[in-house]
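1. Here you go, sequence then predicted model.
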Amino acid sequence: MAGLRFEDGSTTRDPARIADALRTVGVQLAYRPINPAASALASRIELEEDEKAQLLASLEHDFALASPQQDLIVLQPQTANLDALTARFESCHTHSDDEVRYIVDGEGCFGFVRPDGVQFELTVEAGDYIAVPAGTEHWFRLTAQKRIKAVRYFSGTAGWVPVYTQTPVRLGR
Ligand SMILES: [Fe+2]
């Protein structure tokens, strides 16, 4: 389950405190354990395309019905051009569409900028479902393990293009 880090270095895994912080940026977070039918494939390092489809089919998506399309993104240390791929999202940006993800393996960090400029960073893990509204200023990075699998729910890939805001990320790694 998710954990939160504040600019003063303090951290919390208290769901109520996390919900309070996320409310300030309009972000929804829910937790749904990976069901047993999907867990074996979810934990595999590499997946062929048919295995990705099989994994997607065996997951429950009822909490994300508003999004018409879904796919599975798999990032791991062996992924070609991994650093270049992830560097695009490590600076503060917004999107024209909601960024909706269900983490099924590994972990990653979503950083947020409140309207008053305060920043905090949420680490999401398997079972975490997150919805970042269009226009919410955020960043995303992998953790040291450089590994994540997540379902992306979307209405069109144009919404994935980052619109950079030039706000410096103040939370160091
Ligand atoms: Fe993003």
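-> Right, received. Where do you want to start? Numbering: from 1, shown residues only.
2. Mind giving me the packing neighbours of the lengthiest strand in the chain?
-> The single longest strand within the chain, with elements called by DSSP state E, is strand 99-113. Strand 99-113 sits against helix 36-42, strand 119-125, strand 128-132, strand 138-142, strand 148-154, with contacts defined as 3 or more C-beta pairs under 8 Å, 6 or more residues apart in numbering; DSSP states H and E. C-beta here means a position set from N, CA and C on the backbone, and glycine is covered the same way.
3. Which of these comes out lowest on mean pLDDT?
-> Ranked by mean pLDDT, the helices and strands packed on strand 99-113 bottom out at helix 36-42, which scores a mean of 91.
4. Show me the shaky parts of this structure.
-> The model of the chain has pLDDT under 70 over residues 65-66.
5. Nearest the middle, which residue of it would you pick?
-> Nearest to the geometric centre of the chain sits residue 101, at 5.3 Å (C-alpha atoms, centre = their mean).
6. Count the neighbours of residue 163 for me.
-> Applying other C-beta atoms under 10 Å, we find 11 other residues in the vicinity of residue 163.
7. Next up, phi/psi of the closest residue to it other than its chain neighbours, please.
-> Spatially, and ignoring its direct neighbours in sequence, residue 163 is nearest to residue 94 (4.9 Å; C-beta to C-beta, 6 or more residues apart in numbering). For residue 94, the backbone dihedrals are phi -130, psi 170 (criterion: degrees, to the nearest 10).
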